[in-house]
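[1] Predicted structure and sequence below. I'll ask about it afterward.
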Amino acid sequence: MPGPGHYRHYSWEHSYFSGKTRSYLRYKQRMGGLETGFEDVLATQDLIMGLLIPRSGSNTVPQLEAPDGTWIQDTAEIIDFCESAHPSPPVLPGPSRPRQDLASYLVELLADEWMVVHGFWERWHFSLEGDWPCHLRFNEQQWGAILNPNADGEARRASAGQFFELAFGISQPHTDPRGVYAGLLQLGCDANTESAWEASSLRILKRLEEHFSVHDFTLGGLPALGDFGLMAPLYAHLFRDAVPGGALALHFPLVTEWVERTNGNNALNARTYDQKLYSLDENSKLVPRPATSDGGAWLDADKVPATLLPLLAIFFEEMWPVLRDSIRTLSAYIASDAHVAGAELPGKTFTASPGFEHLQTGEGALTQDFQIGGSSGRRMVTAYHAWRLQRVARALNSYDTQGREAVADMLSTFPDGLELLELDGMLGGCPIRKEGGQLFSQAPRSTT
Ligand SMILES: N[C@@H](CCC(=O)N[C@@H](CS)C(=O)NCC(=O)O)C(=O)O
């Protein structure tokens, strides 16, 4: 049980981003870093309307309430807040280990904002009545838990069924895509690009499988930010899901085992961070040792595991060109007459933000062409990406000359990798301010 004055983590078990912060908070608590503990609170519709929206202006989960009443929306901010309040054990290597630090931020970004397409595709592609395999009932049950928590099982499912029809048009996603089905199109996953997105996710999973064959976590024998980031796509939408979960276990058993290990639950065989393995001494006494790889620690000397580099290569091959273009598109929009300086900007990851649909769909000013695996598509631009890149730029700025050289050495092995060192300047035309759950433009910075 959490102690007095504990944190409250408002979340859903089936939420993409909640899997990231839940596993993070559990790690901090179990390793002695979160003295008061945390309570995982099911964010039912009543709580979202009556508490989360009034406190942050956002209906998204997860959100965190600190013991002193501070309210935090967004997984990146939740982790940054807790790292600063509870530095030990760290999940960010920091400026003294710049290569591992940057690798952690990039894996987190890839997991949160690129793998999200595959995660949502897996959840909603198999939810159509009449298809096989079909996990519609499973999905209805998990959504019913938040929409109508006091009803009996059948009625909970029925509430979710009605919601899926009303919000997502689930009976006709091909002719009238709404909600999550519109969201996939807005993120550039359409008939033309769908197979390229699938190939991309298989490539990512294969590289992770290879990595976890050697190391138990992204940086070695303890989890880091990138591990918790990867829990977003891999926990609720793959591992825990009735259809993709089976496929993950069959084809990627090491990734499956890593999910158990990083989640820290039911992980006896997977071996987790606070576990010991034992051998017997000559008197048959138990002799403990860390249960995880690499002596239960991150690799020393700021080494990024060689098997993690191919994952970072995917970030640079696929995601970076899209992020780079999105900075340009967003800066042009902010500088245009269509935007009033200081006004709100769309900040959602998945689906266009309410009120910004005309800009983020079709040929709107906040859309752009992109490529994935040789296929072309068009997708929305969100200011959320620029805000997240500001965080990466801050990390880069915190490295000393030697640290920047070490990072440059690593970046030079990726396509256009060295461009990342220019990130701060590139973001000069679109500085973003976050207030609660909303993003706003700020006066452009001079880049000279
Ligand atoms: N950038 C946010 C994303 C949060 C988010 O999109 N959460 C999803 C659930 S995983 C949500 O609440 N979606 C509801 C909506 O957008 O209306 C974060 O990292 O916390």
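    Cool, the structure landed.
[2] Spell out which residues of this structure are next to the ligand.
    Near the ligand, the residues belonging to the chain are 15-17, 59-61, 74-76, 348-350 when assessed by C-beta under 6 Å from any ligand atom. For every residue, glycine as well, the C-beta is placed using N, CA and C.
[3] Please repeat the previous calculation with a cut-off of 5 Å.
    Proximity of the chain to the ligand (C-beta under 5 Å from any ligand atom) is limited to residues 15-17, 60-61, 74-75.
[4] Got the confidence number for the closest residue to Gly169 other than its chain neighbours?
    The shortest distance from Gly169 to any residue that is not its chain neighbour, by C-beta to C-beta, 6 or more residues apart in numbering, is 4.2 Å, and that residue is Arg178. Per-residue confidence for Arg178 comes out at a pLDDT of 95.
[5] Likewise for the one 3 residues further on?
    As predicted, Tyr181 sits at a pLDDT of 96.
[6] does it count as helix, strand or coil?
    Three-state call for Tyr181 (DSSP: H, G, I helix; E, B strand; the rest coil): helix.
[7] Show the contacting residues for it.
    Contact criterion C-beta atoms under 8 Å, 6 or more residues apart in numbering gives 124, 168-170, 173 as the residues in contact with Tyr181.
[8] Restricted to helices, list the residues you listed.
    Assigned to helices by DSSP state H, the following of those qualify: Trp124.
[9] Phi first, then psi, for Glu83.
    For Glu83, the backbone dihedrals (degrees, to the nearest 10) come out as phi -60, psi -40.
[10] what's the neighbour count on the closest residue to it other than its chain neighbours?
    Setting aside the residues directly before and after it, Glu83 is nearest to Leu92 in space (C-beta to C-beta, 6+ apart), at 6.1 Å. In terms of burial, Leu92 registers 19 neighbours under the definition other C-beta atoms under 10 Å.
[11] what's the spacing between Leu92 and Tyr24?
    In this structure, Leu92 and Tyr24 are separated by 11 Å, where distance is defined by C-beta to C-beta, to the nearest Å.
[12] Spatially, which residue comes closest to Gly296, not counting chain neighbours?
    Using C-beta to C-beta, 6+ apart, the closest residue to Gly296 is Pro290 (2.7 Å).
[13] so what pLDDT did that neighbour get?
    Per the predicted model, pLDDT is 98 at Pro290.
[14] Just grab the bridge partners of it for me.
    Beta-bridge pairing of Pro290, defined through DSSP bridges, involves Lys276.
[15] I figured it was touching Gly221, is that so?
    Yes: at 6.4 Å, Pro290 counts as touching Gly221 under the criterion of C-beta atoms under 8 Å.
[16] picking that back up, next up, the contacts around the residue nearest to Gly169.
    Taking C-beta under 8 Å, 6+ apart as the definition of contact, the neighbours of Arg178 are 167-169.
[17] 10 Å - rerun?
    165-170, 172, 351 (C-beta atoms under 10 Å, 6 or more residues apart in numbering).
[18] just those now: which is nearest the ligand?
    Ranked by distance to the ligand (C-beta to the nearest ligand atom), the contacts of Arg178 are led by Thr351 at 6.5 Å.
[19] give the contact list for the closest one.
    Residues counted as contacts of Thr351 (C-beta under 10 Å, 6+ apart) are 120, 178-187, 357, 360-361, 380, 382.
[20] Give me the common contacts of Pro290 and Gly221.
    Here Pro290 and Gly221 share the contacting residues 271, 273, 296-297, scored by C-beta under 10 Å, 6+ apart.
[21] Enumerate the helices of the stretch 51-200 of the chain by residue range, in sequence order.
    Using DSSP state H, counting those that start in this stretch, the helices assigned to the stretch 51-200 of the chain run over residues 53-56, 75-85, 98-113, 115-125, 136-147, 153-163, 179-186, 194-214.
[22] Determine which stretch of those is the most buried.
    Among the helices of the stretch 51-200 of the chain, judged by mean count of other C-beta atoms under 10 Å, the one packed with the most neighbours on average is helix 98-113 (a mean of 24).
[23] what pLDDT, on average, does that one get?
    Throughout helix 98-113, pLDDT has a mean value of 99.
[24] Look up how far the ligand lies from the residue lying closest to Pro177 once chain neighbours are set aside.
    Of all residues beyond its chain neighbours, the one nearest Pro177 is Leu185 (5.9 Å), with distances taken as C-beta to C-beta, 6+ apart. Distance from Leu185 to the ligand, counting by C-beta to the nearest ligand atom, to the nearest Å: 16 Å.
[25] Mind pulling up the pLDDT for Leu185?
    Leu185 is assigned 98 on the pLDDT scale.
[26] thought it was touching Thr367?
    No: checked against C-beta atoms under 10 Å, the pair Leu185 and Thr367 is beyond contact range at 11.0 Å.
[27] list residues touching both of these two?
    Shared between the contact lists of Leu185 and Thr367 (criterion: C-beta under 10 Å, 6+ apart) are residues 361, 378-380.
[28] Now do the same contact list for the residue in the stretch 101-250 of the chain positioned nearest to the ligand.
    Distance from the ligand to each residue of the stretch 101-250 of the chain (C-beta to the nearest ligand atom) is smallest for Asp112, at 6.2 Å. By C-beta under 10 Å, 6+ apart, the contact set of Asp112 is 16-17, 20, 75-76, 229-230, 232-233, 349, 384-385, 388.
[29] Could you list the domains of this protein?
    As assigned by automatic domain parsing, the chain contains the domains 7-85, 309-441.
[30] So which of these is the most surrounded?
    Per residue and on average, the most neighbours among the domains of the chain fall to domain 7-85, with a mean of 19 (mean count of other C-beta under 10 Å).
[31] Can you give me the first-to-last residue distance of it?
    The separation between the terminal residues of domain 7-85, taken as C-alpha to C-alpha, to the nearest Å, is 12 Å.
[32] just stretch 65-75 next, same as before
    Start to finish, the residues bounding stretch 65-75 are 12 Å apart (C-alpha to C-alpha).
[33] what's the answer for stretch 172-186, then?
    Taking C-alpha to C-alpha, stretch 172-186 runs 17 Å from one end to the other.
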